[in-house]
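K.L.:
okay, sequence plus prediction incoming.
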Amino acid sequence: MRIYHAEHYDDMSRKAANILSAQVILKPASVLGLSTGSTPVGLYRQLAEWYRKGDVDFSGVTTVNLDEYQGLAPDDPQSYARFMRENFFDHINVKRENTHLPDGLAADAERECARYEAILRDSGGLDMLLLGIGHNGHIGFNEPGGAFEKGTHLVTLTQSTIEANQRFFPSADDVPRHAYTMGIRSIMQARTIVVVVSGASKAGIVRRAFAGPVTPEVPASVLQLHNNVILVGDREAMKQLRIEN
Ligand code: GLP
């Protein structure tokens, strides 16, 4: 694992954006796995700025997002589809037909998971996957206790994830109870994984994920088994992590 220490959120965003833009510059037809949450917002903003300046071109890129709430339409203000448009896709020149998210309104969940797996397969696999980490160690919506060998599947969100994500909704009751997520198997197949973490509230889970035992109880700990992980964290998020790099 390579570790980049950043000072603060903006520094982390810039360092991570540098890594993603390098990927796209070196391979214009890159397949990028993308995440939502508050952590990547700054790096999306930075990439959009570099796009506007002409430094990076997304016209050949394909994106495959990690997850989406079940039951939310793509234009629902809380959907991840809307998040991606507002925070990233609307500000760059990626072709809309090359951006993929699970369909929150799919009538048949099993078919939707199979459709998503086919997108991953047909794209040739993720060149670079951007990941945040939930406070309970979830990646995408792979919650503690899940199996490591799953592909895209429908999950029931844990109470702690519902509470953590409540800040984006009018109340906890409005947070959907189910979501589609790429599974750990799909995540581990990405060629490079870039993990972004920021803030003191993530310090404990960063230590458990990267310096603790590999266990389904901490889904992010499986990343220790991947041979090309880049961790970019700011001082507060990294303060409990003591590993050689
Ligand atoms: C959500 C997303 C995850 C994300 C996590 C952390 O639950 N499904 O993909 O990594 O939140 O979010 P944040 O970056 O806001 O802490």
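P.N.:
In hand now; what should we look at? Residues are numbered from 1 along each chain as shown.
K.L.:
quick one, grab the pLDDT at Glu163.
P.N.:
pLDDT recorded at Glu163 is 89.
K.L.:
ok, Ala147 next?
P.N.:
For Ala147, pLDDT reads 82.
K.L.:
helix/strand/coil for it?
P.N.:
coil (DSSP: H, G, I helix; E, B strand; the rest coil).
K.L.:
tell me who's in contact with Val222.
P.N.:
Applying C-beta atoms under 8 Å, 6 or more residues apart in numbering to Val222 gives the contacts 148, 184, 187-188, 214, 216. Glycine gets a C-beta too; all of them are placed from N, C-alpha and C.
K.L.:
look up phi and psi at the residue nearest the centre of the chain.
P.N.:
For the chain, Ser35 is the residue whose C-alpha lies nearest the centre (C-alpha atoms, centre = their mean; 2.7 Å). Phi and psi for Ser35, reported as degrees, to the nearest 10, are phi -120, psi 160.
K.L.:
if I look at it, how far off is the ligand?
P.N.:
5 Å (C-beta to the nearest ligand atom, to the nearest Å).
K.L.:
can you check Leu130 too?
P.N.:
9 Å.
K.L.:
hang on, that residue in a strand?
P.N.:
Yes: counting by three-state DSSP, Leu130 falls inside a strand.
K.L.:
dump the residue contacts of it.
P.N.:
Per C-beta under 8 Å, 6+ apart, neighbours of Leu130: 16, 20, 32-35, 40, 43, 194, 196.
K.L.:
change it to 10 Å
P.N.:
Leu130 is in contact with 16, 19-20, 23, 32-35, 39-40, 43-44, 63, 65-66, 190, 192-196, 230, 232, counting by C-beta atoms under 10 Å, 6 or more residues apart in numbering.
K.L.:
now intersect those residues with the helices, please.
P.N.:
Assignment to helices by DSSP state H places the following of these there: 16, 19-20, 23, 43-44.
K.L.:
out of these, flag the one nearest to the ligand.
P.N.:
Leu43 (11.0 Å; C-beta to the nearest ligand atom).
K.L.:
who touches the lowest-mean-pLDDT helix or strand in the chain?
P.N.:
For the chain, using mean pLDDT, DSSP states H and E, the weakest element among its helices and strands is helix 159-165, scoring a mean of 87. Helix 159-165 is touched from outside by 36-37, 69, 78, 134-136, 138, 141, 143-144, 155-158, 169, 172-177, 179, 201, with contacts defined as C-beta under 10 Å, 6+ apart.
K.L.:
what are the buried residues along stretch 203-212?
P.N.:
203, 205-210, 212 (16 or more other C-beta atoms under 10 Å).
K.L.:
burial check on Ser38, number of neighbours?
P.N.:
12 (other C-beta atoms under 10 Å).
K.L.:
and for Arg167?
P.N.:
9.
K.L.:
try Met84
P.N.:
By other C-beta under 10 Å, neighbour count at Met84 equals 22.
K.L.:
element containing it, please.
P.N.:
helix 80-87 (DSSP states H and E).
K.L.:
residues of this protein that sit close to the ligand?
P.N.:
Within the chain, the positions near the ligand by C-beta under 6 Å from any ligand atom are 35-39, 66-67, 132-134, 140-141, 161, 165.
K.L.:
what subset of these is buried?
P.N.:
For the residues of the chain next to the ligand, buried by 16+ other C-beta under 10 Å: 35-37, 39, 66-67, 132-134, 140-141, 161, 165.
K.L.:
put together JSON lines for those, with distance to Asp90 on each row.
P.N.:
Listed next are those as JSON lines, based on distance: C-beta to C-beta, whole Å:
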{"residue": "Ser35", "distance to Asp90": "17"}
{"residue": "Thr36", "distance to Asp90": "15"}
{"residue": "Gly37", "distance to Asp90": "18"}
{"residue": "Thr39", "distance to Asp90": "20"}
{"residue": "Leu66", "distance to Asp90": "19"}
{"residue": "Asp67", "distance to Asp90": "20"}
{"residue": "Gly132", "distance to Asp90": "21"}
{"residue": "Ile133", "distance to Asp90": "26"}
{"residue": "Gly134", "distance to Asp90": "26"}
{"residue": "Gly140", "distance to Asp90": "23"}
{"residue": "Phe141", "distance to Asp90": "24"}
{"residue": "Thr161", "distance to Asp90": "27"}
{"residue": "Asn165", "distance to Asp90": "22"}
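K.L.:
great, nothing more from me.
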